[in-house]
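Chemist: this one's sequence-less:
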């Protein structure tokens, strides 16, 4: 049953949204506009200053609501890391890199020890944590903690930033998932480097107990063998994966600009209100 506060908030959002000057790009705006590249996407929108302020507040509220309802704090995912991932998710949607129907967001936080769960799959439409797991980093990225990252062929390091998942295949590690790096300067060689999601025996609590850390890959985000197939099936085929940098590493991505994310978020909310 929907609670009264939730129902009231939804009703207020619907009423206010219908009053805001959100319109097709043929209108004028003193603020900003950006195209949506997907062929089947609706017309690009522009936001007035009032609409932008409203959707910014709604966007931040949605992040906190998902974070709280999915219980991501007890799961070990920092709020700021989650917020960055969501901004990049909507930025990719705005660019047409993922479908408007996509709602699966995977996050790796390389600021955490390899002995900790630092891999989460979140359904941001259902506000639900779907999977959480250990995940390995590249052998030249560090021992227990990830320190150094590279997009270079042969580096055997992990790469930071945003990826879009591709198709699955059966490889030497069993079911595996291709990743397309879409973060310029950080991970665009992922396909040619064969950086993929796969299971590995060295990703387990048993390995941690024996060695004090996880085993390491050649740059792939390797998962526990027992969890990898289910996770891969959940995130395959055009969802977003974000590998967050530790605090000691500089990471400045064009995909973390709020304005482009806000346009996609506003478009989805506007369409939802119109459909309702």
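Modeler: Received it, and whenever you're ready, just let me know what you need. Values in this document were obtained by computation on a predicted structure and should not be read as measured data. Numbering: from 1, shown residues only.

Chemist: alpha carbons only for contacts and neighbour counts from here, please
Modeler: Fine.

Chemist: okay, now residue 48: neighbour count?
Modeler: 18 (other Cα atoms under 10 Å).

Chemist: these two touch, right, residue 148 and residue 141?
Modeler: Yes: in terms of Cα atoms under 8 Å, residue 148 counts as a neighbour of residue 141; the distance is 4.6 Å.

Chemist: what touches both of these two?
Modeler: Any residue near both residue 148 and residue 141 by Cα atoms under 8 Å, 6 or more residues apart in numbering counts here, and that gives 157-158.

Chemist: the two: who's more crowded?
Modeler: Taking other Cα under 10 Å, residue 148 and residue 141 do not tie; residue 141 has more neighbours (22 against 18).

Chemist: so, low pLDDT: which residues of the stretch 151-276 of the chain?
Modeler: Applying pLDDT under 70 to the stretch 151-276 of the chain flags residues 270-276.

Chemist: all helices of the stretch 151-276 of the chain, in order?
Modeler: 190-193, 205-211, 228-235, 258-275 (DSSP state H, counting those that start in this stretch).

Chemist: give me the phi and psi for the nearest residue to residue 192 once chain neighbours are set aside.
Modeler: Excluding the flanking residues, the one nearest residue 192 by Cα to Cα, 6 or more residues apart in numbering is residue 153, at 7.8 Å. Dihedral pair for residue 153: phi -60, psi 140, per degrees, to the nearest 10.

Chemist: quick check: residue 153 vs residue 121, distance?
Modeler: 28 Å (Cα to Cα, to the nearest Å).

Chemist: and residue 102, by the same measure?
Modeler: Relative to residue 121, and taking Cα to Cα, residue 102 is found at 13 Å.

Chemist: so residue 99 is in which element?
Modeler: Assigned by DSSP states H and E, residue 99 falls within no helix or strand.

Chemist: pretty sure it sits against residue 93.
Modeler: Yes: with contacts counted by Cα under 8 Å, residue 99 reaches residue 93, the gap being 6.4 Å.

Chemist: please identify which of these two sits among more neighbours.
Modeler: Set side by side, residue 99 and residue 93 show more neighbours around residue 93, with 25 against 16, by other Cα under 10 Å.

Chemist: report pLDDT for residue 51.
Modeler: With respect to pLDDT, residue 51 has a value of 84.

Chemist: host element of it?
Modeler: Take DSSP H and E as the rule and residue 51 turns out to sit in helix 49-69.

Chemist: identify the residues contacting stretch 149-163?
Modeler: In contact with stretch 149-163 (Cα under 8 Å, 6+ apart) are residues 88, 137-141, 148, 179-183, 185-190, 192-193, 217-221, 240-245, 251, 253.

Chemist: buried ones in it?
Modeler: Buried residues in stretch 149-163, defined by neighbour count with 16 or more other Cα atoms under 10 Å: 149-152, 155-163.

Chemist: now stretch 193-212
Modeler: Here stretch 193-212 shows 193-200, 202-205, 208 as buried, counting by 16+ other Cα under 10 Å.

Chemist: circling back to that earlier point, turn the helices of the stretch 151-276 of the chain into TSV, columns for distance to residue 53.
Modeler: Formatted as TSV, those follow (distance: least, Cα to Cα, whole Å):
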stretch	distance to residue 53
helix 190-193	37
helix 205-211	46
helix 228-235	32
helix 258-275	10
